[in-house]
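A.B. asks: Prediction below, plus the sequence it came from.
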Number of protein chains: 2
Amino acid sequence: MKLYDLEPSGNCYKVRLFAALANIKLEIVPVDFLGGEHKRAPLLDLNPLAQLPILVDGKQVIYDSHAILVYLAGAHGGLAWWPAHPFGQAEIVKWLSFSANEIQHSVCAARLVQKFGYALDYDAAVEKSPRVLSVLDQHLKANEWLAIGRPSIADCAVYPYVVLAHEGGVDISGYPHIAQWINRIEALPGYLPKP
Amino acid sequence: MKLYDLEPSGNCYKVRLFAALANIKLEIVPVDFLGGEHKRAPLLDLNPLAQLPILVDGKQVIYDSHAILVYLAGAHGGLAWWPAHPFGQAEIVKWLSFSANEIQHSVCAARLVQKFGYALDYDAAVEKSPRVLSVLDQHLKANEWLAIGRPSIADCAVYPYVVLAHEGGVDISGYPHIAQWINRIEALPGYLPKP
């Protein structure tokens, strides 16, 4: 399987992290992002949103980091990471939405501005962050893992932009349960260090 | 099953629409949104993000419209709407992410400002909309449905805010394949009219 990848991208790191934890072998294909390789054929034909990562498994092409996580876990990772029962899947999808919406438009957006110069509303992203981080911290006060009582692709989806929040100027030191969860993730066998 | 609901909410409509199409009976519980009922106990205990919809099925509580769609389809809707194979699930999750991120922060955000007075960046939401709608239109040029070659929860997740885009001042008349897809959805047996 090929993963079209950008090393500093948190979305790409979600996939590399999960593959490392679940011992799934990926052929990493670095993309010339600054040169706009993702904005023209052949990559633009694989993902019309012109985003990374993109996974190619035989004839199957999957873009969107969360869709890739579901595919890799379901097809190659086993039920430990993505259960077959609907409530467990829904618990995980809840956190994938939290990642795609709340995390994306708070700590992730702040990092995109500060680290990569994106033209997003930095102040709005920073202002939104404490509420998002508080919800996460409160959940982790009562739960070791985000969903299904064990490490899952939900943790792989949310961890990257939270642990990289300082690169966007957002301080996460005031959230003790997030800190403990980060320690638990980083102690998992196969953990791949953050970019 | 109880659905804590707000009639004009597109997120709530996603769930009501799917339940209608899949013939799943829900007890609709209207929430006093203007009165802030979702921001205090007992609803805030069910969803710390203070958002609707919320589904309660026995002892199981699920919030986030996409998580509810996955749960309802998996537990009560059958494989036609949410398949068991990983590639099909990933195809659908790709569009759930598209809904949670691209749709949410374009046509949906524009509607939140114009219809409900939310303090979001209206110009940014409107500016983003054509690119999002173009990607959708191009996909629907080659595909009758968003995923798995038939109607699925992906269509139920994306359709509401697209068909309601005019309420945010976004014109979708220039996207012929979106228009045909809307017609196909509205012709499905059990279709529930938009709010």
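C.D. replies: Everything's here; your move.

A.B. asks: after the longest helix along chain A comes which helix or strand?
C.D. replies: Longest helix in chain A, counting residues (DSSP state H): helix A:122-142. Once the chain leaves helix A:122-142, the next helix or strand it forms, by DSSP states H and E, is helix A:153-163.

A.B. asks: just the angle between that next one and helix A:122-142, please?
C.D. replies: 130 degrees (axes from the mean of the first three to the mean of the last three C-alpha atoms, to 10 degrees).

A.B. asks: Per-residue pLDDT of A:Ala80, please?
C.D. replies: Looking at A:Ala80, its pLDDT reads 88.

A.B. asks: That one - how many residues pack around it?
C.D. replies: Per other C-beta atoms under 10 Å in any protein chain shown, the neighbour tally for A:Ala80 reads 13. To be clear about C-beta, it is placed using only N, CA and C from the backbone, and glycine gets the same treatment.

A.B. asks: Checking it next. Helix, strand or coil?
C.D. replies: Following DSSP: H, G, I helix; E, B strand; the rest coil, the label given to A:Ala80 is coil.

A.B. asks: contacting residues for it?
C.D. replies: A:Arg150, A:Ser152 (C-beta atoms under 8 Å, 6 or more residues apart in numbering or on different chains).

A.B. asks: how far away is it from A:Val93?
C.D. replies: Applying C-beta to C-beta, to the nearest Å, the value for A:Ala80 to A:Val93 is 17 Å.

A.B. asks: which residue of chain A sits farthest from its center?
C.D. replies: Most distant from the centre of chain A: A:Ala41, at 25.2 Å, with distances by C-alpha atoms, centre = their mean.

A.B. asks: Need the residues that contact the longest helix of chain A.
C.D. replies: Outside helix A:122-142, the residues that touch it by C-beta under 8 Å, 6+ apart are A:98, A:102-103, A:105-110, A:113-114, A:146, A:158, A:162, A:165, A:168-170, A:172, A:175-178, A:180-181, B:48-49, B:121.

A.B. asks: from what I can see A:Ile28 touches A:Leu3, true?
C.D. replies: Yes - between A:Ile28 and A:Leu3 there is a contact under C-beta atoms under 8 Å: 5.5 Å.

A.B. asks: just to revisit the earlier point, C-alpha coordinates for the longest helix of chain A, PDB please?
C.D. replies: Extracted C-alpha coordinates of helix A:122-142, given in PDB (Å, rounded to 0.1, in the frame of the first residue of the first chain):
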ATOM      1  CA  TYR A 122      -5.900  32.900  13.900                       C
ATOM      2  CA  ASP A 123      -7.700  34.700  16.700                       C
ATOM      3  CA  ALA A 124     -10.900  32.800  16.200                       C
ATOM      4  CA  ALA A 125      -9.000  29.500  16.200                       C
ATOM      5  CA  VAL A 126      -7.200  30.400  19.500                       C
ATOM      6  CA  GLU A 127     -10.300  31.600  21.100                       C
ATOM      7  CA  LYS A 128     -12.100  28.400  20.300                       C
ATOM      8  CA  SER A 129      -9.400  26.100  21.600                       C
ATOM      9  CA  PRO A 130     -10.000  26.200  25.400                       C
ATOM     10  CA  ARG A 131     -13.600  25.100  25.000                       C
ATOM     11  CA  VAL A 132     -12.600  22.200  22.700                       C
ATOM     12  CA  LEU A 133      -9.700  21.200  25.000                       C
ATOM     13  CA  SER A 134     -11.900  21.400  28.000                       C
ATOM     14  CA  VAL A 135     -14.500  19.000  26.500                       C
ATOM     15  CA  LEU A 136     -11.600  16.600  25.700                       C
ATOM     16  CA  ASP A 137     -10.100  16.900  29.100                       C
ATOM     17  CA  GLN A 138     -13.400  16.300  30.900                       C
ATOM     18  CA  HIS A 139     -14.000  13.200  28.800                       C
ATOM     19  CA  LEU A 140     -10.500  11.900  29.600                       C
ATOM     20  CA  LYS A 141     -11.100  12.500  33.300                       C
ATOM     21  CA  ALA A 142     -13.600   9.700  33.200                       C
END
